[in-house]
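# Here's my sequence, what's the structure:
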Amino acid sequence: MYDYSHGAGSSQSPAAEPRPTPRRRHTIHRLAHNVPVNDLDALLALLTPEGRALLDEVRDTDPARELAVATRLRRTHPAELVSAALGQARLRQRAVAKFGAEDAGRMFFTTDGVEQSTRASVAAYRAGRMSALGVTSVADLCCGIGGDAIALARAGIRVLAVDRDPATAAAARANAGALGLDELIEVREADVTEVDTGGYDAVFVDPARRGGRGRIFDPEAYSPPLSWAVAAARTAPRAAALKVAPGIPHEAVPDGAEAEWISDGGDVKEAVLWFGTAPGAVRATLLPGPRTLLGTGLPDPEVRTPGRYLYEPDGAVIRAHLVAEVAEQVGGGLLDATIAYVTADELLPTPHATAYEITDRMPFNVKKLKALLRERRVGNLTVKKRGSAVEPEELRRKVKPQGPNAATVFMTRVAGAPTMLIGRPAGRL
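Presented below is the predicted three-dimensional model:
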C-alpha cells in the first residue's frame, strides 16, 4: 500500500486556512481587566435575565474595543458578569464559521466547545443518514455543547444528550432551549459509561480525542476508549455511529463496521464508523453535496508518464484510500507509487478530485522555476506539495512571484524523482 497522505500541503498568494483542547475540565479564561471566569459559573450567570440582556448589549462588540466596553459596563453590572458576557460574545463570533450567524448568535458556548463541536453541515449530513436508516431516537454520548443533538432533533429525531462535564452539559441544555428544540432533546449530566441506552434506536458516540498533552492518536486512549464505544454501538437496535479522528489507521476499523471519511469544502473533518449499515464498506463523502465515493476494492493504480492533466483527489478520498477509484474514473495512473496525485491525458468529469492542466514539467530547481515565473509574469502563485520536504511558503519566498498572472506549482515526485509541475486549475467537473 502506498502512502496516500505523505507530505501533503499547499499555500496560496493570498492566505490559507483548525480542533482543540480537552473537553473534560473547567476552563478559567481571563478577559478585560483580568477577571477570572469559570465556564459553568459564567454560563449560569448569562442565563439570568440580567445576563441575557447584557449579552444582547455586547453582541457585536469589536474585540479592539472590549476593554473600553468592559470599563463602561462595570459601572452598572458586576465585573464577573461583564467579563462573562464579553467572553461569550467572543465565542459566538468564533462559532459563526461552524454554526452560521443566526444559530451562533443565539447559542451558548464553552471555551473548548467552540473548537470541539461538529460543524453544522457535517452534523446535518450525519443526522440525514440516521433519518434515512429509519432512526427515530438516538443516545448522543459525549454530546459536547450539543451540535450533533441539534442536527438530529432538526431531523425529527428524539435525542438523549449526555456529557459528564457540568459546564458542557449546561451549554447543551441552554442550546436546546435557545433553538426551540428542548422538547426533542433531553440533556443529562452523567458518565456515558453508566447510561442505559436501551430505549433508543441508535447510539452516537463522540469520544474526547485530546488530553492534557494534545491530540490522542491511540483510539484506546480516547475518553471513553474506542473499544467501549464499539461495544455500545453493537447493542444499538437499528444503527450506531462513532466519530473518530480522520487519521485512524484502516487496520483499527472494527470488524463489521462501515468506515466513512467526511470533508467539508475540501477540508477533512472527521471519520465515522457506522454499524447497522454496510459492514466492511469504505466511503468518502464530500460536502457540500453530499458527493459520495464508495470503495470497490481496486488495486493500487499503476505509475505512468505524466499526462496533460493532474487530478488532486479530495482529502476524504485520500484518507479513505480510494485514489484508485478516482484514477479509474478519469482513466489515469499515478505520478509516483507513493504519491496520491493522479495523472491522465483527458479532462473527464469527477466530483471527487480537482483537475489541473499541466503546462510545464521540470526537475526540482528553484532558479529555473523563478525564471519561468518571471517570464510568465506570475504573481498569484499557488504552491502545493506532496512527497517534498520543501515547505510551500519557503518556495514562495525564494521565487518572489510578481505580475498579473496566476499559476499553480506542484512540488512532488515523478517515478521517484523530485519534480516540479506547473499548471492551472481545469475546474472541478
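# what about Thr343, how many neighbours?
By other C-beta atoms under 10 Å, 25 other residues sit near Thr343. To be clear about C-beta, it is placed using only N, CA and C from the backbone, and glycine gets the same treatment.
# Tyr311 is in contact with that one, correct?
Yes - with contact defined as C-beta atoms under 8 Å, Thr343 and Tyr311 form a contacting pair (7.4 Å).
# Can you pull the residues that touch both of those two?
Shared contacts of Thr343 and Tyr311 (C-beta atoms under 8 Å, 6 or more residues apart in numbering): Gly332.
# what's the average pLDDT for stretch 197-217?
Mean per-residue pLDDT for stretch 197-217: 83.
# For it, C-alpha coordinates in CSV please.
Taking C-alpha atoms only, stretch 197-217 is exported to CSV below (Å, rounded to 0.1, in the frame of the first residue of the first chain):
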residue,chain,number,x,y,z
THR,A,197,-29.2,3.3,26.1
GLY,A,198,-31.7,0.5,25.8
GLY,A,199,-34.7,2.7,25.0
TYR,A,200,-33.1,4.3,21.9
ASP,A,201,-32.9,3.1,18.2
ALA,A,202,-29.4,4.3,17.7
VAL,A,203,-26.2,5.4,19.5
PHE,A,204,-23.9,8.2,18.5
VAL,A,205,-20.5,8.4,20.4
ASP,A,206,-18.1,11.3,20.1
PRO,A,207,-15.2,10.4,22.4
ALA,A,208,-12.7,13.0,23.6
ARG,A,209,-9.6,12.8,21.4
ARG,A,210,-7.5,15.3,23.2
GLY,A,211,-5.8,15.1,26.6
GLY,A,212,-3.6,17.4,28.6
ARG,A,213,-0.7,16.9,26.1
GLY,A,214,-2.7,17.5,22.9
ARG,A,215,-4.1,15.1,20.4
ILE,A,216,-4.6,11.5,21.2
PHE,A,217,-3.7,9.1,18.4
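# Report the buried residues of it.
197, 200-210, 216 (16 or more other C-beta atoms under 10 Å).
# Among those, which ones are in strands?
202-205, 210 (DSSP state E).
# For the nearest residue in space to Val272 that is not next to it in sequence, give me its contacts.
Leaving aside its chain neighbours, Val272 sits nearest to Glu260 (4.7 Å; criterion: C-beta to C-beta, 6 or more residues apart in numbering). Glu260 makes contact with 271-274, 282-285, 320 under the criterion C-beta under 8 Å, 6+ apart.
# Then Leu334?
Leu334 neighbours (C-beta under 8 Å, 6+ apart): 2, 300-304, 323, 327, 340-343.
# where does the stretch 201-350 of the chain have low pLDDT?
Applying pLDDT under 70 to the stretch 201-350 of the chain flags residues 210-214.
# all helices of it, in order?
226-234, 315-319, 323-330 (DSSP state H, counting those that start in this stretch).
# so which of those helices is the most packed in?
helix 315-319 (a mean of 25; mean count of other C-beta atoms under 10 Å).
# Touching, Glu302 and Gly332? I think so.
No - contact criterion C-beta under 8 Å: Glu302 and Gly332 do not qualify, at 9.7 Å.
# neighbour-wise, which of these two wins?
For Glu302 versus Gly332, neighbours defined as other C-beta under 10 Å are more numerous around Gly332 (26 against 11).
# Quick one: residues contacting the more buried one.
301, 304, 307, 309, 311, 326, 342-345.
# most neighbours, which of those residues?
Highest count within these by other C-beta under 10 Å belongs to Val342, 28 neighbours.
# need the contact list for that one.
Residues counted as contacts of Val342 (C-beta under 8 Å, 6+ apart) are 301, 310-313, 323, 326-327, 330, 332-335, 353.
# that older thread, which of the contacts of Glu260 fall within strands?
271-274, 282-285.
# Please spell out which residues along the top helix by length along the chain are buried.
The helix that spans the most residues within the chain, counting by DSSP state H, is helix 79-104. For helix 79-104, a neighbour-count test (16+ other C-beta under 10 Å) marks 80-93, 95, 98-99, 103-104 as buried.
# Which helix or strand lies directly C-terminal to that helix?
Using DSSP states H and E, the helix or strand that follows helix 79-104 in sequence is helix 111-116.
# Distance from that next one to the middle of the chain?
Distance of helix 111-116 from the chain centroid (C-alpha atoms, centre = their mean, to the nearest Å) equals 13 Å.
# Which strands or helices does it pack on?
Applying 3 or more C-beta pairs under 8 Å, 6 or more residues apart in numbering; DSSP states H and E, one finds that helix 111-116 contacts helix 79-104, helix 166-178.
# ok, and what's touching the last one?
Outside helix 166-178, the residues within contact range by C-beta under 8 Å, 6+ apart are 23, 26-27, 38-40, 43-44, 47, 106-110, 112-113, 143-146, 149-150, 153, 161-163, 182, 184-185, 187-189.
# thinking again about what came up before, can I get the contacts of Gly332 in JSON lines with distance to Ala70?
As requested, the contacts of Gly332 are arranged in JSON lines below (distance: C-beta to C-beta, whole Å):
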{"residue": "Pro301", "distance to Ala70": "59"}
{"residue": "Arg304", "distance to Ala70": "63"}
{"residue": "Gly307", "distance to Ala70": "61"}
{"residue": "Tyr309", "distance to Ala70": "56"}
{"residue": "Tyr311", "distance to Ala70": "52"}
{"residue": "Val326", "distance to Ala70": "53"}
{"residue": "Val342", "distance to Ala70": "54"}
{"residue": "Thr343", "distance to Ala70": "57"}
{"residue": "Ala344", "distance to Ala70": "59"}
{"residue": "Asp345", "distance to Ala70": "63"}
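# which of the residues you listed lies closest to Ala127?
Val326 (27.8 Å; C-beta to C-beta).
# looking at it, the closest one is touching Pro313, isn't it?
Yes - taking contacts as C-beta under 8 Å, Val326 lies within contact range of Pro313: 4.9 Å.
# I'd guessed Arg52 sits against Leu46; true?
Yes - judged on C-beta under 8 Å, Arg52 makes contact with Leu46 at a distance of 6.8 Å.
# the more surrounded of those two?
Between Arg52 and Leu46, counting by other C-beta under 10 Å, Leu46 is the more crowded of the two (19 against 13).
# what's the more buried one in contact with, if anything?
52, 54-55, 81, 84-85, 88, 108.
# run the last query once more with 7 Å
Contact analysis of Leu46 by C-beta atoms under 7 Å, 6 or more residues apart in numbering lists 52, 55, 84-85, 88, 108.
# Which of the contacts of helix 166-178 fall in strands?
Going by DSSP E, the strands hold 38, 161-163, 185, 187-189 from these.
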